[in-house]
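1. task: produce atomic coordinates for the following.
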Amino acid sequence: MPSTTHTEHEITFDGALASDPAATRPAGVARAEAAQTEVLDAVYYDTPDHSLLRHGATLRRRAGGHDAGWHLKVPGETGGRREITRPLDGEASDADIPQELRQLACGYARGERLRPVAHLLTHRRRVLWLDDEERSLAELAADHVAARVLGPGTEPADTTGPQPELTTWDETEVELTGGDAGLLDDAARKLTHQGLHRAGRGIKLARALRAAGLDTEPVPRTDLAHAGKAGKAIVAALRRHADRLTALDPAVRLDEEDAVHQMRVTARRLRSLLRACTSLFDEDRADDLAADLRWLGHQLGAYREPEALRDRLTAQARALPDDCSPHAAQRKLRKVLDRRCRHAHRQLVAALSSARYFTLLDRLEAFVADPPLRGGTHRGGGRAKRILRREVRRTRRRLRKAIKLTDGERQDDALHRARKAAKRTRYLAEALRPALGSTATKQEARHKKIHKRLGQHQDARSAEQALTALGHAEGTRPEEAFAFGILRTRQRENSPADIRAARRAAGL
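-> So this is what the prediction gives:
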């Protein structure tokens with residue numbers, strides 16, 4: 001049975017309301033309606049060192065309530081937590097984690113085995129907050145929780161032998177069901193006014209393990225107060241991109257639209273910053289991490305390239321004149337490139353389940369948590385300016401060399417190298433905006449234009465090569481080959497204008 005996903009936005013408070021929860025509602029809520037009380041029986045799964053929880057993820061099997069089933073929650077890309085649910089579907093036992101959810105949790109578990117780590121029983125009183133049209137805005141839940149931490153080999157239903165200590169507590173949650181972030185802010189003020197205090201991490205499993213004396217805190221990140229402007233800006237960007245890379249992992253495994261592209265861009269941003277800022281970090285560690293990111297980029301590119309070709313060429317085929325067999329060409333392109341994408345996705349998921357990928361995630365996490373900055377604080381923006389100036393000159397040098405060449409494969413290769421340099425400069429300028437302000441903003445805009453225009457030329461070149469191969473492939477019918485030939489002649493129509501625009505942007 002397929003899983004479903006949604007993004008969860010909620011806030012959690014320690015303790016219970018002194019008054020009836022149904023009498024509590026913030027401004028903007030027309031009516032509060034008491035819903036059915038629920039008893040929720042949940043078993044949480046994690047690795048022996050609680051790797052899921054340390055990375056902000058949880059996996060549970062829950063019976064009872066209106067949403068019984070398997071729930072995997074992972075950090076969202078833009079805040080909140082993404083929840084992936086699957087009905088119980090008559091699984092034989094608590095140990096039978098659905099393979100799909102096991103795979104989606106793989107990046108957080110780092111390949112370690114998942115086992116039951118806690119058994120929670122929750123008595124929940126629910127209140128629905130409705131607007132003046134009776135639409136659900138949010139749900140307030142008053143929970144009384146009883147939790148038992150499970151040791152290795154302990155099953156939730158095992159009642160023989162000494163029992164682990166039981167921990168109990170009360171908490172109050174508000175989860176959006178249709179309202180906006182402003183409603184959560186209003187709810188926070190309302191509940192704080194009534195004497196409640198925001199919970200630390202707001203995750204029941206974390207509280208249960210903490211009560212048992214187990215450390216489940218994320219890896220702490222070093223304070224960068226003395227890192228200087230350049231170091232602070234670059235490390236902040238690395239941390240932001242590292243978090244996004246991990247958050248994109250489940251979406252890539254689910255083959256969601258644009259997910260692979262976004263992870264590939266994120267990996268490129270990380271690698272670009274490491275390569276451009278070698279003077280800031282220990283060279284060996286930065287080079288090793290950059291090599292791992294290059295490997296990941298190749299895995300993602302093996303999927304992204306046919307995906308981008310499919311989107312480009314099917315759109316162009318659809319616009320062909322009727323006498324060029326547009327429907328046949330589009331159908332053939334989609335069939336061939338869909339097949340390549342499916343094969344590439346299977347290969348990609350295998351790579352994302354490999355020891356090398358887990359090692360990359362561990363190295364990246366350790367690097368951004370405690371970056372191996374070289375000595376010297378360099379408090380001013382001088383170092384940041386020098387780093388950016390060097391990359392700007394590198395881009396100009398490569399582009400100048402490329403445009404001096406005559407049309408052909410040598411120039412195409414040179415323009416591709418110039419494009420990669422512009423992309424690196426763009427990502428560097430983006431990261432250095434906190435240190436350099438408008439100087440970095442201008443260079444980012446300039447090199448974004450160079451990157452994009454040269455990228456359009458490179459896409460045309462790749463499409464031209466793909467169409468040539470498809471036109472000569474076994475099984476291609478004459479009308480399809482004719483359409484591919486027409487498309488091939490059109491690929492570089494805009495290339496001269498793209499190259500001129502890149503040249504102007506670089507000031508050449």
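2. and the contacts of the helix or strand where Ala188 lies?
-> In the assignment (DSSP states H and E), Ala188 maps to helix 181-193. Contacts with helix 181-193, where a contact means C-beta atoms under 8 Å, 6 or more residues apart in numbering, come from 9-11, 13, 17, 24-29, 129, 137-138, 140, 172, 174, 176, 198. All C-beta atoms are positioned from the backbone trio N, CA, C, and that covers glycine.
3. switch the cut-off to 6 Å
-> Ile11, Phe13, Pro26, Ala27, Leu137, Ala138, Val174 (C-beta atoms under 6 Å, 6 or more residues apart in numbering).
4. tell me the one of these nearest Ile486?
-> Minimum separation from Ile486 among the contacts of helix 181-193 (C-beta to C-beta) is found for Leu137, which lies at 54.2 Å.
5. so that closest one lies in a strand, does it not?
-> Yes. Under DSSP: H, G, I helix; E, B strand; the rest coil, Leu137 sits within a strand.
6. near the residue nearest to it when sequence neighbours are not counted, how many residues? Count them for me, please.
-> Leaving out its chain neighbours, the residue that sits closest to Leu137 by C-beta to C-beta, 6 or more residues apart in numbering is Gly179, at 3.6 Å. Other residues within reach of Gly179 by the criterion other C-beta atoms under 10 Å amount to 22.
7. Gly179: what secondary structure?
-> Under the three-state scheme (three-state DSSP), the conformation of Gly179 reads as coil.
8. mind checking what helix or strand follows the host helix or strand of Ala233 in sequence?
-> In this assignment (DSSP H and E), Ala233 forms part of helix 228-253. Past helix 228-253, heading to the C-terminal end, the next element that is a helix or strand (DSSP H and E) is helix 259-276.
9. packing partners of that next one?
-> For helix 259-276, the elements it packs on are helix 228-253, helix 283-318, helix 409-431, judged by 3 or more C-beta pairs under 6 Å, 6 or more residues apart in numbering; DSSP states H and E.
10. secondary structure, neighbour count and distance to Lys420 added to the contacts of helix 181-193, as TSV?
-> TSV is the format used below for the contacts of helix 181-193 (DSSP: H, G, I helix; E, B strand; the rest coil; neighbours: other C-beta atoms under 10 Å; distance: C-beta to C-beta, whole Å):
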residue	secondary structure	neighbour count	distance to Lys420
Ile11	strand	18	44
Phe13	strand	22	50
Pro26	coil	23	51
Ala27	coil	10	53
Leu137	strand	21	48
Ala138	strand	28	47
Val174	strand	25	47
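11. now tell me which of the residues you listed the prediction trusts least.
-> Looking at pLDDT alone, the contacts of helix 181-193 dip lowest at Ala27, where the score is 83.
12. and that residue, what are its phi and psi?
-> As for Ala27, its main-chain torsions (degrees, to the nearest 10) stand at phi -60, psi 140.
13. and it, what is it in contact with?
-> If you count contacts by C-beta under 6 Å, 6+ apart, then Ala27 has Asp186 around it.
14. do Leu508 as well
-> The contact partners of Leu508, by C-beta under 6 Å, 6+ apart, come to Arg400.
15. for Glu480, same thing?
-> Ala328, Ala329, Lys332.
16. by neighbour count, which of those residues wins?
-> Counting neighbours by other C-beta under 10 Å, the top entry in the contacts of Glu480 is Ala329, with 27 neighbours.
17. ok so it is a helix residue?
-> Yes. Assignment of Ala329 by three-state DSSP places it within a helix.
18. count of residues packed around Pro48?
-> Other residues close to Pro48 by other C-beta under 10 Å number 11.
19. now do the helix holding Ala233: which elements does it pack against?
-> Helix 228-253 sits against helix 259-276, helix 355-369, helix 382-403, helix 409-431, helix 433-436, with contacts defined as 3+ C-beta pairs under 6 Å, 6+ apart.
20. any chance of these in CSV, plus mean pLDDT and mean neighbour count?
-> Converted to CSV, these look like this (pLDDT from 0 to 100; neighbours: other C-beta atoms under 10 Å):
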stretch, mean pLDDT, mean neighbour count
helix 259-276, 96, 22
helix 355-369, 96, 17
helix 382-403, 94, 18
helix 409-431, 95, 21
helix 433-436, 94, 19
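21. adding distance to Gly69, write the ones you listed out as JSON lines.
-> Listed next are these as JSON lines, based on distance: least, C-beta to C-beta, whole Å:
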{"stretch": "helix 259-276", "distance to Gly69": "24"}
{"stretch": "helix 355-369", "distance to Gly69": "28"}
{"stretch": "helix 382-403", "distance to Gly69": "50"}
{"stretch": "helix 409-431", "distance to Gly69": "41"}
{"stretch": "helix 433-436", "distance to Gly69": "43"}
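22. these: which one's closest to Arg285?
-> When the helices and strands packed on helix 228-253 are ranked by distance to Arg285, counting by C-beta to C-beta, first place goes to helix 355-369 at 6.6 Å.
23. what angle do that closest one and helix 228-253 make?
-> 150 degrees (axes from the mean of the first three to the mean of the last three C-alpha atoms, to 10 degrees).
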